[in-house]
Each structure stands twice: as structure tokens, then as C-alpha cells.
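**Student:** build the 3D model from these lines:
(chains A and B)
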Amino acid sequence: MSKIKCQCGHDNPFGTVLCERCGRPQTEEAKESKLVDMRYEGAARRSQTYKRSIIDKIWNFFSSVKIGISIIVAVLATAAIGTIFPQKLYVAASTEAEYAAYYERLYGLAGTIYYKLGFHDMYNSWWFITLVGMLGTSIIIASVDRVIPLYKSLKKQRTKRHPSFMKKQRIYGEGLSEDPEAALIKAEEKLKELRYNVKIEDGAILAEKNRFSRWGPYVNHLGLIIFLFGILLRGIPGFYVDETMWIREGETRSIPGAEGYYLESKEFIMENYTKEEADEVFGDALERVGMIAKNYQTDVALFQTPEGGLPGSDQMDFVKDYSIIVNKPLKFDGFNVFQMDFRLDELKSMTFQLTEKATESSLGEFTVDLTNPGREYELDNGARVILSDYYPDYDGVKDGEPVSKSPIPNNPAFIFKMVTPAKPEGEMSFVAIKQTLETEVNDYKVKFISAETRDISGLTVRKDKTLYLLLLGGIIFMIGVSQGAYWNHRRIWIQKGSNGELLIAGHTNKNWFSLKKELDQVKDVANLPSYEDRQDKESILQDKEVDKV
Amino acid sequence: MAKAGQKKTRLIIRTIVLLLLVSAVVYTIASKDKVKVLAVGDKAPDFELVDLEGNKHRLSDYKGEGVFLNFWGTWCGPCKKEMPYMENQHKAFEEKGVKILAVNIAESNLKVETFRDQYGLTFPIVIDKDKSVKEAYNIVPLPTTFLINKDGRIEKIITREMSEKEIISLMESIQP
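**Tutor:** Okay, here's the model as predicted:
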């Protein structure tokens, strides 16, 4: 690429708007415009410099701010569409066919399209991840392409600029001065008092403050990149676990996502506020709604398989007892187990009575544990009941056989063989809730007496090693935001012209009002010529009116 | 010369940066199933479960033989259908070095025993009481069958009901 040679003799890279050394405009556009575009100090953005290989072309694509904004808009638009119908996570289905059916049934054609395009599982869809990846790429490349030339040009900026550079600044003034030397000395003093960094070179002053605020956007982008990187790490095994487990009182279950760890639920406790203790705080509310929960709690014991232990083996070492309460998770080995949900009163055991139909007399009671039922139940006087088969979730008879639709005791049914001294051969009876079937008329029956229930705790197992990285990203992001928002990069140039006049110019990236206020103070002290803000129409008008008067 | 060198460095740096970013995206897409899923070719996780008679069964005990590892439940219709086929092929393949091991997911002994006797099953049936093996093998639908070769590696994963023909060809595929 050809270099651009400035009148001052400096070689500028292709794409330069303002000479790196003296500030003379280099492009036709810049030469003709009244005001100069000070973005990136008129330095050549790298993307404009090289356009050769395919790699450079891809690079330039991502370096474009327009492309970056288009990607942001695309991410926002797709994310918005993703909220129209519920995400897969919130749909009670387990197979793809069920998901498809769900969206079609509830939302018709729109639902089917939604499902087909993958919006139902958007955060895991390849196109959404690709979009976010492109956003990250755009942030990195666009920042690098701008921050480096900006840093370089601010670092090597000259104190003395060419008058044409001064003249094209938004704030500019020129005028004769009685004693330019003295004015410069006074201006220097005042600028230092206003906490400017002042550089002097050959009858020219460059006063500058808060240059670091220019790095705000890039610091901010760095925070975003760290944040995205943290999210990326979540995909790596061992960094992030988010699982749900349901555990019944008395059960021991392996903890999903935490290999080698087991949890035993001893008890689920749900407490409500009582009338007495609630009076002062919740009295009125309690009257109104009837019940207010005070505590959800699961008492658990944590176990771990010893080193080299195998899944399924009954070798377990006790680790600790703990009461999991909302917001007080069980903690171990980087994992947190939270109390999230509960289901009350699932059937646990049922107690029956063997009765002689004719006399209604009892031959004794027996209890069937619904999770782990026993085979035989010995009763008084040599009578016994044999549990031939058991259907935890009875769902009618199919192909001549009773069927259970799940292993959960939602609707238990039993086939009992009743052996009594009177009928030593035994009588068969099928017993379900509110239903008894007999193949032939029996003399005895099994009568339901009572049931015991137990509660189920819904726990969430979580491990997140990326949390601190996300926090760091967030903090850096906010530092970048405040750095760019609360400080402004201000520069004031004052120099002697060739005929004993003084030129002044000012530039800031934002908050021109404050720059002018400071410049006014310097002007008053040092008797500088008046200036005008050439983008602020009001101030120009006012000046003209003053002139008329 | 200096300029050409610069150009080369620039190309290399840009290529590396772009490749890194692309691989990050590809990796994220590939690892979107956050749970560690067993795949064909992986080593089948070892476990130790107890059968109805109280005998311990370790997967590693079957080293050198093919294992037809079937996860099932008594309440699952398709499981019931394939059980008689499995029983037939268990007899046919036992001498040929392919063993069937059926893992019931956390049901009661009574239920499993009744089922076994009803169908006259003779292959070993173990019960995964605390669902840890289910967790290790990441079982979602029942039945799920893992075909494990003599080196203890997974040859195939079937997550649906199988016909007798299929069972035969699958068992042949892991015959040592």
C-alpha cells in the first residue's frame, strides 16, 4: 500500500485523515470540510490499511462498526423471538417428538415453525451460539483495530500543529495579542492550575487532561470479552453443573453431576407461621391468605464413595449431616445443593386388614411398604397373606395383564394370596384403590385400613467455577463505563501565528460546555482572543448579536 | 524486506486470532450438552451391583467377554417385549462369550423377582438401588442397551426396543 506523504515531509499510512505529525488534512474530504473529524485522531484504522488476503477480508468484515451493530441487532431480535413461546426447558416433555407435538398443539403452525427453526432451545442452537461468537469476534477485532492507532497517535501527538489543523477544530479563535509571550506564560500557569498537563514547544502550548477516559470503551469491551469467556468455560466439564434431583424421605440417591457423592433424605420439613407468632408482622396477611410458609427444609446426610469406589457399590463413607434450608445450601467440594421445591404426601406404605367376609372379623393387620414391599405377611392364628404381585402406578389391564405405568406409587394395586386355616389352598384377590376383583367368590378379603405418606424434596445441584470470572468481567465492564462516562478527554491548543497573532483551539470527546468554561477562565487570565464554537448555533448567534451591539 | 516480513507476521497473527475465535465457537456448539455423555468408543464405566440372590456383579468381571448391558424397568412396556428374545439369545450366546447383564432401575426386589419368574429369565439381573449407575451411564429412556466389547469399550448404544433379529446381530457384533 502506498504511503501518503504530507507537506511537512511525514509519511502517513494509507487511510490517514490527518497527518500524524502536523495535523494537516490529508484527504480531499478533510481538506474541503470546515470542521475536521477527530475520531481516532484522524489516524488510519488498521482495517483500512490492508486488504489483500482472505484473512484480511474476514478481519475487515469484523472490524466494521456497522457489522458489529448489525450483529447486536440480530442477537437482540433473535433473543426477543425466543421469548414468544416458552423455551424447551419449561416444557414438560422428554423426547423430540413430544416437544414437536407440544408446540404444534399449543401454537399451531407458528409453534411448528418456531420448533423447526430451533427457537425452542435457542441458547443451545448452533446459530445463536454462532451469533454470540461473531459478536465476541467483532468486539475484539473492532477494538484492537481502533485502540492501537488511537493510542499511538495520542502518544506521539505534536504540541505544535499546523494552523490548518487548528482552523478546522470545532472550537477555534484567532486574534492579535499585545504581548503573545506573556499571554502564553499566563495561560500556561492557569492551565496548570486547572490540572491540565501542559507541553510547550516553540511558542505553542498543548494542554491536555483525562486522556485515560478515551480507553473507557476498550476497557468496557475487555470486560465483555472476559464475561463471554466465562460463559464459554461453562461448557467445559468440571466448571459448571446445574442439575435437579428429587429425593424422597428415607431414600439414598447419587447426586447428579457430582460423581461419587450420595445424599440421603432424612426428613422434609415445611413450617407455616402460627397465629400467635405471626400477629405482629404477618397478622393481617395471615388472616387474608390463611397460610404463610415459614420454612422449607430438608434434613440430609451426605456420603461419598471411598477412593476407587464403584458406582452402585454399597461402600460409602459418611461425610456430614446437614439441614438444607432455602438460601442455606449444603456445600461440599465446590458444589451447592439448594432447597428448591417439594411435593407433599406421596404414598409410602399401606396398612390392610384380613377379614372374614361373613362375620367381618379380623384375622390381623399388616403393612405393605410401597417402595420395598415384603413377600409374606404372617398374621394371627396361622393365617398369612402373600403379595403375589404389586403395581405401583396401576393403569388398567392390557393384554390380560394389569399394567403399571411408572414405578412411582401413585395408584398402587396388589394381588394378594390369602392363606387361612379354613382355606389352606389360598384365595386370590386383586386389590386396588376403591376396587377389589376376585376370580371366584372368596370367603376372605383384604380391607384397606390406613396409609402413610412421605414428602419429596426438590433439590438443585449447582457448581459454578466461572462465577468469579463473570464477576471480574462485570467489574471491568463497569470500570470502563465510568471511565468513559465521568471523565472527558480535553485538549486546548494555543500557539503564536506567523504575524504575531494568537491561535486557540479546543477539542473534547464530550461535554463541550465544561471545556468552554475552562477555556473562558484561561482566556480571561491570559487575554486570549475570543473563540467560537462552530457547531453550537446558539453561541454563534449570540456572538453575532453581541457584535451588532 | 522489512515490509514483507511485517505483512507475514500480520497474516499469521490474524489467522491465529480468527482460528482461536472460530474454535471457541465450534467448541461451545459441540459441548452444548452440558452433561458428560458416553459415546461409542468410550470405556464403559465400571460398576458393582447386587443381584436378587445377593451376589455382586462387577462389569470388570466380564473382561474378555462381550457384554449386552440392558437397562430396564418392570413398568416399561417395550422392556417386557424384548425380555423373552433376550432370554433366548442368552442361551444361544452364553457359550460363545457374550453375556447379558440386565440392570433394573431402583425397583423393589419383590417386583423384579416376580417379573423374572413370570418371564423365566435366567441371565443375571441386578438392581441399581441409588440410581448411581443410571447416572454414570446417563440413561434417559428405558430400555437402553449398551453393547460392550471384550476390551470394555462401548460398541453401540441402543435407546429403543429391539427385535430378536436385531438382538442376534448385535450380540454377534461383540462376540470375542
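**Student:** in the stretch 251-400 of chain A, what residue is nearest chain B?
**Tutor:** A:Ser254 (3.5 Å; C-beta to the nearest C-beta). For every residue, glycine as well, the C-beta is placed using N, CA and C.
**Student:** look up how far A:Gly238 lies from the residue nearest to that residue when sequence neighbours are not counted.
**Tutor:** Leaving aside its sequence neighbours, A:Ser254 sits nearest to B:Ser132 (C-beta to C-beta, 6 or more residues apart in numbering or on different chains; 3.5 Å). The spacing between B:Ser132 and A:Gly238, counted by C-beta to C-beta, to the nearest Å, is 19 Å.
**Student:** among the two, which residue is more densely surrounded?
**Tutor:** B:Ser132 (27 against 10; other C-beta atoms under 10 Å in any protein chain shown).
**Student:** the more buried one against A:Asp314, yeah?
**Tutor:** No - counting by C-beta atoms under 8 Å, no contact exists between B:Ser132 and A:Asp314, whose distance comes to 10.5 Å.
**Student:** quick check: which element contains the residue nearest in space to the middle of chain B?
**Tutor:** Most central in chain B under C-alpha atoms, centre = their mean is B:Phe146, positioned 3.5 Å from the mean C-alpha point. Secondary structure from DSSP states H and E places B:Phe146 in strand B:144-148.
**Student:** Provide the strand pairings for that strand, with the direction of each partner.
**Tutor:** Taking DSSP bridges as the criterion, strand B:144-148 forms sheet pairs with strand B:66-72 (antiparallel), strand B:154-158 (antiparallel).
**Student:** who's in contact with the last one?
**Tutor:** Think strand B:154-158. Contact partners of strand B:154-158, identified using C-beta atoms under 8 Å, 6 or more residues apart in numbering or on different chains, comprise B:38-44, B:144-149, B:166, B:170, B:173-174.
**Student:** apply 7 Å and report the result again.
**Tutor:** The contact list for strand B:154-158 (C-beta atoms under 7 Å, 6 or more residues apart in numbering or on different chains) reads B:38, B:40-42, B:44, B:144-149, B:170, B:173-174.
**Student:** what is the subsequent helix or strand relative to it?
**Tutor:** Scanning forward in sequence from strand B:154-158 by DSSP H and E, the next helix or strand is helix B:164-173.
**Student:** where are the low-confidence patches of chain B?
**Tutor:** For chain B, residues meeting the criterion pLDDT under 70 lie at B:1-4, B:32-36.
**Student:** what residues does it have near chain A?
**Tutor:** Listed as neighbours of chain A in chain B under the rule C-beta under 7 Å from any C-beta of the partner chain: B:10-11, B:14-15, B:18, B:21, B:24-25, B:27-29, B:31-32, B:34, B:36, B:45-49, B:58, B:73, B:75, B:107-111, B:114, B:128, B:130-133, B:135-136, B:140.
**Student:** can I have the buried ones of the residues you listed as a PyMOL selection?
**Tutor:** Typed into PyMOL, the line below selects the buried ones among these, using 16 or more other C-beta atoms under 10 Å in any protein chain shown:
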select buried, chain B and resi 10+11+14+18+21+24+25+28+29+34+45+46+47+48+49+73+75+107+108+109+110+111+114+128+130+131+132+133+135+136
